[in-house]
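Asks: Have a look at this fold, sequence not included:
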C-alpha cells in the first residue's frame, strides 16, 4: 500500500496556507488549544468542535498510524462503522434511553436517529452475522471513527470535545481466561503507544469504575495540571486509583497503602473495559462451543482518542516559546530556515537534497519575514530540529543546527547534513 | 511517513472475521450492494448507511490514496473539517434555510446544529483568517470527510447514501483566468483518477447545471445501466450533456449536434464547480491586490465520493460469479489457495515468501472448505490473481495461476512465482 502522504514529505512555508498568530484566541483557556491555534495546527469552529489544519492533520495521522501499528500487532482487523444509528438496535441493550450524551436527528420521513457516541451495538450486530462456532473465535476488530458526544461543557481544547476521532477496538472471545489474556495484551500495546508518542514516563494504569459493565475498568492517565481527572498515584509501583473508586475497601482489595499515594491531576488518554456478555446477550451474538452448546460471546472494548492524545502531548511538551514535538509525531522532522537573499540558492539546494532523501522538511523560504520572526515561528511550531542557512554560516561551508528542546546551536558542515539528520 | 496498513500486507482467510454469503440480502436491488455484501466488503446498517468491513476498507483506502496523490500533485493541502455546523455561519450565505438535505441536531442547552452536507462555509471562514494579500493566493485545500445528506430515498447500494465519505477540494484564486486554469488542471487530475481506478474508458466529462453558482458545472459521468442520471453522449468527441441542461440553446452554445448524441444511463462520479464570489462575499474572504484594492477571493469546489466510486467500479467490473477488481484498488494482489493437507506446508512457505516480499496476499488456508467452496469465494471476492497449490500442482513443482478476468489457468514453476507476480 502507498504512503499516507504519498508525495508530501516536504513543504515550502511560503505555500502553506496557515499563518501563525502572536496572540492566542481570548476564549481559549487551555494551553494545548492556545499553542495549537496560534501555530496553525487547529481551528476552533465552535466550543468542542475543531478543524485539523495541514500541520495538525499530519500530527494526528502520525498518532493514528502508531496506534494502528500496535493494534495490527495484537491481531486487530480494521473496519469502519457509520455515525448514523437506529434507535431499535440500541433499545435492545437499553442504551437508547440510558445514554445521556446522544446527539439525535431525524430522517425526512420522521424516524429518529442517533449519532454514535460509541459503537458496541453496531459492531456486535455485525459480528453476529459472522460468528457461529468456537472456531470463529477469538476475533479483534477496531476502527478510527468520529464520536459525537453531547457534552454539557466543552473546554480544555482537544482534551474534551463534542466531535472527536476515536480508536475503538472490540474483542470477541470464548472464555474469561481468553478475555483476561487479551486484556493484558492490549494494556501492553497501550504502554507501547504512550511510549512511542512521548508520554510513557507520565502515564499510569489507573483503577477506575467499570460503570455498568464490571466492578473496575482500567484507565491510562497522563499526569497533567490541566487534566480534568483526579487520581491517587503510587509512583513506586506505577499504579494509580481514580478518585471515583478511591476508598478503603478498594485500596485493600488492590493491596495499596494510603500513605504511598499522592493526589494528582491527570488526563485519561485511554481506557479498557471488560464487557462480559452485556452486549452479546441482548443482541444475540452467540457461538457453539466444542460440545455443541450455544453460549454468548465474551466481549471487551478498548479506546484511545488520537486528538486528545495530541492535546495531552502539547500540554506536556512545551515551553514559553511554543510546542516541542516528540520526533515520532512531529509534523516534520526538520525546519529548514533560509535567512537573507545570499542564502537562498544554497538553501534551495539543501531542500532539494532533503526532498530526494525523503526527509520530512518544512522549508521557511519566506522572503518577507525577518530572522526574528522566522525563529519565533519555528519555536512556536515546534519541529524537533531547526537548520538555519545564512551568509554567515555559508562562509564556513556550514549550517547552524539546533534541537527545539535545547538552547545550544552549533555549526555543522553542509556535506555532513544528511548523516546528521539520519 | 509510514504505510497506511503498516504491517498488513498479508492475511490468512481463516483469521478474517468476515464470511461470504451465498445469497444477497433480499432488500438489496443494486448489483454493487449485492456483490459487496455477499463477499463481506460492506454491511448495511440501515437504508443509505453502510459499514466498511476489512476487505471493503482496504479497497476504499486504496481509492482514497489514489485521489490523495492526484490532489497533492496539483498543489492540494489536506485538512479535516468537522461535521457539526453552527447555523449562524450558514445563515450568512442563506444556505441554512435553502439547503433541503440537512440533518439537524441540538446541543443540550437547546441550540440547533447541522451535520455538514458540504463544507464551503467552514472552509471559507477558516481561509478568511489566513488570506490577506494577493501574495497569499492561490491556495488549494482539500479533505476526505463524511457528508451527511438527508435523502428522501436511499437505494442503489453505495451509489446514493445518507452518510458517505467525500473528497472535497476548494480553490481560492485572484482572477477568473487563474480560476479557469486551475479548473482545467483539476479536470485533468480527475481523468487520471478515473483512469487509475479502472473507469477511464467509460467516464465522460458532462455539461450540467451550475445550480445557483454558475450557468454550467462539469460532471464526470460513468456509463452504467443502474445509474440514476441520464446523459446525452457524443462518443466521438468524448463529451456529454446532462438531461437537466439538454436543450437546443445549450447544444448550440456547446457546438454539439443532436444526431451525434446517444441517450445513456450514468453515475456521477465527480463534479467540479466554479463558485465565483458566492461564498467569499457574504463571508468576508477578501484579499488586497497589487494596487492595494480589497477584492473578494474567487472560489471553486471539486468533489469525488470514494465510496460511490467503489460502487461504480463494482457495477462495471463483475461477472455472474462475482467482482473483478482492477489491480490498482483490489483488496489484495494475490489470492493464494491451498487445497488439501498435502499442500499445506508448501503453501505456508509460499505465503511466507510473499509476506517477506511485501506482496499483498489473501491466503485461503481454511481446512474446512472444499476446493469448490474456495474457488467460489475467490471468484466472488474478485482478487485479480488466483494462485492454487495442490498435490497435483506440487507433483510438477508448480502452482496454478489464473487471472480473475480470464477463464484460462496455467501452471508455473514455484521458483518463478515471484517474478510472475511482480
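Replies: Yes, it's here. A quick note: this is a predicted structure, and the numbers were derived from the prediction, not measured. Residues are numbered from 1 along each chain as shown, chains lettered A, B, ... in the order given.
Asks: now stretch A:412-422, how far from the chain's geometric center?
Replies: Computed by CA atoms, centre = their mean, to the nearest Å, the chain-centroid distance of stretch A:412-422 equals 32 Å.
Asks: okay, how far is it across that stretch, tip to tip?
Replies: One end of stretch A:412-422 to the other measures 14 Å (CA to CA, to the nearest Å).
Asks: how about the residues of the stretch 151-300 of chain A that lie near chain B?
Replies: Counting by CB under 8 Å from any CB of the partner chain, the residues of the stretch 151-300 of chain A close to chain B are A:151-152, A:162-163. Where C-beta positions appear, they are placed from N, C-alpha and C, glycine not excepted.
Asks: what about 7 Å?
Replies: Proximity of the stretch 151-300 of chain A to chain B is confined to A:152, A:162-163 under the rule CB under 7 Å from any CB of the partner chain.
Asks: can these go into CSV with extra columns for neighbour count, secondary structure and pLDDT?
Replies: Output for these, formatted as CSV (neighbours: other CB atoms under 10 Å in any protein chain shown; DSSP: H, G, I helix; E, B strand; the rest coil; pLDDT from 0 to 100):
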residue, neighbour count, secondary structure, pLDDT
A:152, 9, coil, 90
A:162, 23, coil, 97
A:163, 23, strand, 98
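Asks: Residue A:35 is in what secondary structure piece?
Replies: Counting by DSSP states H and E, the secondary-structure element that holds residue A:35 is helix A:31-38.
Asks: That helix: what's the following helix or strand?
Replies: Going down the chain from helix A:31-38, the next helix or strand is strand A:42-46, by DSSP H and E.
Asks: by how many degrees do that following strand and helix A:31-38 diverge?
Replies: Per axes from the mean of the first three to the mean of the last three CA atoms, to 10 degrees, the angle that strand A:42-46 makes with helix A:31-38 is 110 degrees.
Asks: Mind giving me the packing neighbours of the next helix-or-strand element following strand A:42-46?
Replies: Next helix or strand after strand A:42-46 toward the C-terminus (DSSP H and E): strand A:49-52. Under the contact definition 3 or more CB pairs under 7 Å, 6 or more residues apart in numbering or on different chains; DSSP states H and E, strand A:49-52 sits against strand A:42-46.
Asks: Just give me how far the strand it packs on sits from the chain centre.
Replies: When distances are taken as CA atoms, centre = their mean, strand A:42-46 is centred 18 Å away from the chain's centroid.
Asks: what helices or strands is it leaning on?
Replies: Contact here means 3+ CB pairs under 7 Å, 6+ apart; on that basis strand A:42-46 packs against helix A:31-38, strand A:49-52.
Asks: can you list the ones you listed in a markdown table and add mean pLDDT and mean neighbour count?
Replies: As requested, the helices and strands packed on strand A:42-46 are exported to a markdown table (pLDDT from 0 to 100; neighbours: other CB atoms under 10 Å in any protein chain shown):
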| stretch | mean pLDDT | mean neighbour count |
| --- | --- | --- |
| helix A:31-38 | 97 | 23 |
| strand A:49-52 | 98 | 24 |
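Asks: would you turn these into TSV with distance to residue B:133?
Replies: TSV is the format used below for the helices and strands packed on strand A:42-46 (distance: least, CB to CB, whole Å):
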stretch	distance to residue B:133
helix A:31-38	21
strand A:49-52	23
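Asks: give the contact list for the residue in the stretch 151-300 of chain A that chain B sits nearest to.
Replies: Closest approach of the stretch 151-300 of chain A to chain B (CB to the nearest CB) occurs at residue A:163, with a separation of 5.1 Å. Neighbour list for residue A:163: A:49, A:146, A:148, B:82-84 [criterion: CB atoms under 7 Å, 6 or more residues apart in numbering or on different chains].
Asks: where exactly do the helices run in the stretch 51-200 of chain A?
Replies: Defined through DSSP state H, counting those that start in this stretch, the helices belonging to the stretch 51-200 of chain A, from first to last, are A:54-73, A:87-91, A:95-98, A:120-128, A:176-196.
Asks: and the second one, anywhere near chain B?
Replies: No - with CB under 7 Å from any CB as the criterion, chain B is not reached by helix A:87-91; the gap is at least 8.3 Å.
Asks: Could you list the buried residues of that helix?
Replies: Taking 16 or more other CB atoms under 10 Å in any protein chain shown as the neighbour-count basis, helix A:87-91 is seen to contain the buried residues A:87, A:89-90.
Asks: Which of those residues sits closest to residue B:57?
Replies: The nearest member of the buried residues of helix A:87-91 to residue B:57, counting by CB to CB, is residue A:89 at 21.2 Å.
Asks: Look at that closest one and report its pLDDT.
Replies: At residue A:89, the model reports a pLDDT of 98.
Asks: quick one: contacts for it?
Replies: Counting by CB under 7 Å, 6+ apart, residue A:89 touches A:121-122, A:125.
Asks: Run through the residues you listed and flag the ones next to chain B.
Replies: Among these, the ones lying near chain B by CB under 7 Å from any CB are residue A:122.
Asks: ok, the contacts of residue A:89 vs chain B, which is closest?
Replies: Using CB to the nearest CB, residue A:122 is the member of the contacts of residue A:89 that sits closest to chain B, with 6.0 Å.
Asks: got a list of what the closest one touches?
Replies: Listed by CB under 7 Å, 6+ apart, the contact partners of residue A:122 are A:81, A:85, A:89, B:45, B:51.
Asks: and with 8 Å instead?
Replies: For residue A:122, the set of contacting residues under the criterion of CB atoms under 8 Å, 6 or more residues apart in numbering or on different chains consists of A:81-82, A:85, A:89, A:116, B:45, B:51.
Asks: how near is the closest residue to residue A:339 other than its chain neighbours to residue B:243?
Replies: Sequence neighbours aside, residue A:390 is the residue nearest to residue A:339 in space, at 4.0 Å (criterion: CB to CB, 6 or more residues apart in numbering or on different chains). Taking CB to CB, to the nearest Å as the criterion, residue A:390 is separated from residue B:243 by 63 Å.
Asks: So if I had to pick from those two, which one is more boxed in?
Replies: Just comparing residue A:390 and residue B:243: by other CB atoms under 10 Å in any protein chain shown the higher neighbour count belongs to residue A:390, 19 against 12.
Asks: Got phi/psi on the more buried one?
Replies: Taking degrees, to the nearest 10, you get phi -140, psi 170 for the backbone angles of residue A:390.
Asks: and if you look at residue A:230?
Replies: phi -110, psi 130.
Asks: My guess is it contacts residue A:243. True?
Replies: Yes - the pair residue A:230 / residue A:243 is scored as a contact, 4.2 Å apart, by CB atoms under 8 Å.
Asks: looking at this, residue A:415 is in a helix?
Replies: Yes - counting by DSSP: H, G, I helix; E, B strand; the rest coil, residue A:415 is located in a helix.
Asks: mind listing what it touches?
Replies: Residues near residue A:415 by CB under 8 Å, 6+ apart: residue A:397.
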